[in-house]
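J.: sequence unknown, structure follows:
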């Protein structure tokens, strides 16, 4: 069973439907025992870094997240769920992230007349050997909606980047820890393939 | 790489896809979910669903539509038609839609745009505009139904365009370009701009209208109404300065396939997702 962490993190109906389409069993939950007992955990998220961390703390979910990650349970952060896996964000100065991976979250500069947030399809530059991105190649398009992006401290954790003025780290993998900035549940067959890779780990 | 989007639009009535020519003479032709999934396979970047009769009849079928679509479609989609309140936004977004398009209700109550943008973010607020060119002797709408005195008037701008309410039935006398700018100020994330003069004619987008709006706002503009050939899609971007191009019956009746349109646009030097 896959636990999708429920912390009022915006619309996740599409994530649920995508898992259903893959025949994966999942539960939307904020029950620590249920999350701790799950085979895999997904941390979704839409909104602001500070609000997300506030709710994770309020619901008492930070400890259980560390517990499952330490134990090696496959863990996937999506969009803001990826960002809070890092240490901090320019969006919410002074707020401590989950710090599962070293690095920070910074804002797009909006250079070259690019609009911030980035909303739309962008192509990936993929590092080979990733389990999450197995069968996904450089040049594949995925769907993004974000103003801030991850700048990982250890580039060995980065499995894909995308360029929008700056080059953003948009997918990470470290052991059983995974994350993607884009929305796989909105990225057509490429996105479904990525979710399927996670489901079948 | 920033890509220009190609968007099929499905006009939906009572859960069935229909397409009007100049907003009348509807033809029943299919299940919206299945058709949208086929468009995804053909390379659609997004899909727009418009519940075309809801705005006049007061029906709220859009939520059910969003629910059915989200279960099967894994690309972004917009739902419009009959949206009146922030609660409508909430209900549709909660079902898995990415954006909500408002038209008549935003004209009657512009605060709807700002309230929805504040609650759910600008990225999910699409303001749909139905515009028609003013004749040289245009003197204003038959009846003055504009909501307040602050809304920009078009009666003095000969050669401009005014916007229409209720699926194109009622002229408001409001200037289309000024309304688009107001919508952006209020927090709209995107403009879906339909030329009523061109809709159903297959004679090309109204590139003059699209350009007038696209050059006046900093948010993406989707050109709609009139596409009939591959060239029309490219010129909608090159001459109309559109960020996205939309068509309904052309894709629906397979006169052109989305992949074909995107390949042509690419051959014309336009960046697309292929």
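T.: All right, it came through fine. No experiment lies behind these values; they were computed from the predicted model shown.

J.: and the helices in the chain?
T.: I went with chain A, as the question did not name one. Counting by DSSP state H, chain A has helices at residues A:13-21, A:32-36, A:49-58, A:62-71, A:80-83, A:188-199.

J.: look at chain B instead
T.: Here chain B has its helices, by DSSP H, at B:32-42, B:54-57, B:62-70, B:86-94, B:104-108, B:111-120, B:176-186, B:207-214, B:230-238, B:249-252, B:258-267.

J.: for the third one, which positions count as buried?
T.: Neighbour-count burial for helix B:62-70, counted by 16 or more other Cβ atoms under 10 Å in any protein chain shown, picks out B:62-63, B:65-70. For glycine as for every other residue, the C-beta is placed from the backbone atoms N, C-alpha and C.

J.: re earlier: JSON lines please, covering the helices of chain A and showing distance to chain B, mean pLDDT and mean neighbour count.
T.: Formatted as JSON lines, the helices of chain A follow (distance: least, Cβ to the nearest Cβ, whole Å; pLDDT from 0 to 100; neighbours: other Cβ atoms under 10 Å in any protein chain shown):
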{"stretch": "helix A:13-21", "distance to chain B": "4", "mean pLDDT": "93", "mean neighbour count": "20"}
{"stretch": "helix A:32-36", "distance to chain B": "23", "mean pLDDT": "97", "mean neighbour count": "15"}
{"stretch": "helix A:49-58", "distance to chain B": "13", "mean pLDDT": "93", "mean neighbour count": "18"}
{"stretch": "helix A:62-71", "distance to chain B": "25", "mean pLDDT": "97", "mean neighbour count": "16"}
{"stretch": "helix A:80-83", "distance to chain B": "12", "mean pLDDT": "96", "mean neighbour count": "27"}
{"stretch": "helix A:188-199", "distance to chain B": "5", "mean pLDDT": "97", "mean neighbour count": "21"}
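
J.: let me have those in a markdown table, adding distance to residue B:90 as columns.
T.: Converted to a markdown table, these look like this (distance: least, Cβ to Cβ, whole Å):
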| stretch | distance to residue B:90 |
| --- | --- |
| helix A:13-21 | 12 |
| helix A:32-36 | 27 |
| helix A:49-58 | 17 |
| helix A:62-71 | 28 |
| helix A:80-83 | 19 |
| helix A:188-199 | 25 |
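
J.: from residue A:2, how far off is the residue in the stretch 151-274 of chain B that chain A sits nearest to?
T.: Of all residues in the stretch 151-274 of chain B, residue B:273 sits closest to chain A, with a separation of 4.4 Å (Cβ to the nearest Cβ). Going from residue B:273 to residue A:2 by Cβ to Cβ, to the nearest Å gives 29 Å.

J.: those two: which has the busier surroundings?
T.: Neighbour tally, residue B:273 and residue A:2, criterion other Cβ atoms under 10 Å in any protein chain shown: the higher count belongs to residue B:273, 22 against 19.

J.: could you list the contact residues of chain A toward chain B?
T.: Where chain A comes near chain B, counting by Cβ under 8 Å from any Cβ of the partner chain, the residues are A:11, A:13-14, A:17-18, A:20-21, A:114-115, A:117, A:119-123, A:141, A:143, A:145, A:163-164, A:185-189, A:191-192.

J.: where among the helices of chain B is average confidence lowest?
T.: Ranked by mean pLDDT, the helices of chain B bottom out at helix B:54-57, which scores a mean of 48.

J.: tell me the confidence at the closest residue to chain A within chain B?
T.: Proximity to chain A, evaluated over chain B using Cβ to the nearest Cβ, is greatest for residue B:96 at 3.8 Å. According to the model's per-residue confidence, residue B:96 sits at a pLDDT of 89.

J.: wait, it sits on residue A:17?
T.: Yes - Residue B:96 sits in contact with residue A:17 when judged by Cβ atoms under 8 Å, with a separation of 6.3 Å.

J.: can you pull the residues that touch both of those two?
T.: Any residue near both residue B:96 and residue A:17 by Cβ atoms under 8 Å, 6 or more residues apart in numbering or on different chains counts here, and that gives B:70-71.

J.: about what we covered before: what about the residue of chain B closest to chain A, how many neighbours?
T.: By the measure other Cβ under 10 Å, the count of residues near residue B:96 is 26.

J.: quick one: contacts for residue A:2?
T.: A:19, A:24-27, A:38-42, A:199.

J.: repeat the analysis, applying 10 Å as the threshold.
T.: A:15, A:19, A:24-28, A:38-42, A:74, A:76, A:198-199 (Cβ atoms under 10 Å, 6 or more residues apart in numbering or on different chains).

J.: same question for residue A:138.
T.: Residues in contact with residue A:138 (Cβ under 10 Å, 6+ apart) are A:123-128, A:160-161.

J.: from these, which land in strands?
T.: Residues of these located in strands (DSSP state E): A:123, A:125-126, A:160-161.

J.: quick check, nearest of those to chain B?
T.: In terms of Cβ to the nearest Cβ, no member of these lies closer to chain B than residue A:123, at 5.5 Å.

J.: go ahead and confirm the closest one touches residue A:136.
T.: No - contact status for residue A:123 versus residue A:136: not in contact, 11.1 Å apart, counting by Cβ atoms under 10 Å.

J.: and the two? Which one has more around it.
T.: Neighbours around residue A:123 and residue A:136, counted as other Cβ under 10 Å, are more numerous at residue A:136. The numbers are 22 against 17.

J.: surely that one touches residue A:170?
T.: No - judged on Cβ under 10 Å, residue A:136 makes no contact with residue A:170 at a distance of 11.8 Å.

J.: report how many residues lie close to residue A:140.
T.: Residues lying near residue A:140 (other Cβ under 10 Å) number 22.

J.: that one against residue A:126, yeah?
T.: Yes - the pair residue A:140 / residue A:126 is scored as a contact, 7.2 Å apart, by Cβ under 10 Å.

J.: what's the overlap in contacts for the two?
T.: Counting by Cβ under 10 Å, 6+ apart, the contacts common to residue A:140 and residue A:126 are A:133, A:160.

J.: could you measure from residue A:156 over to chain B?
T.: Relative to chain B, residue A:156 is positioned 26 Å away (Cβ to the nearest Cβ, to the nearest Å).

J.: list the contacts for that residue?
T.: If you count contacts by Cβ under 10 Å, 6+ apart, residue A:156 has them with A:127, A:172-174.

J.: pLDDT and neighbour count added to those residues, as a markdown table?
T.: Conversion of the contacts of residue A:156 to a markdown table gives the following (pLDDT from 0 to 100; neighbours: other Cβ atoms under 10 Å in any protein chain shown):
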| residue | pLDDT | neighbour count |
| --- | --- | --- |
| A:127 | 96 | 16 |
| A:172 | 98 | 28 |
| A:173 | 98 | 22 |
| A:174 | 98 | 19 |
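
J.: thank you kindly, that will do.
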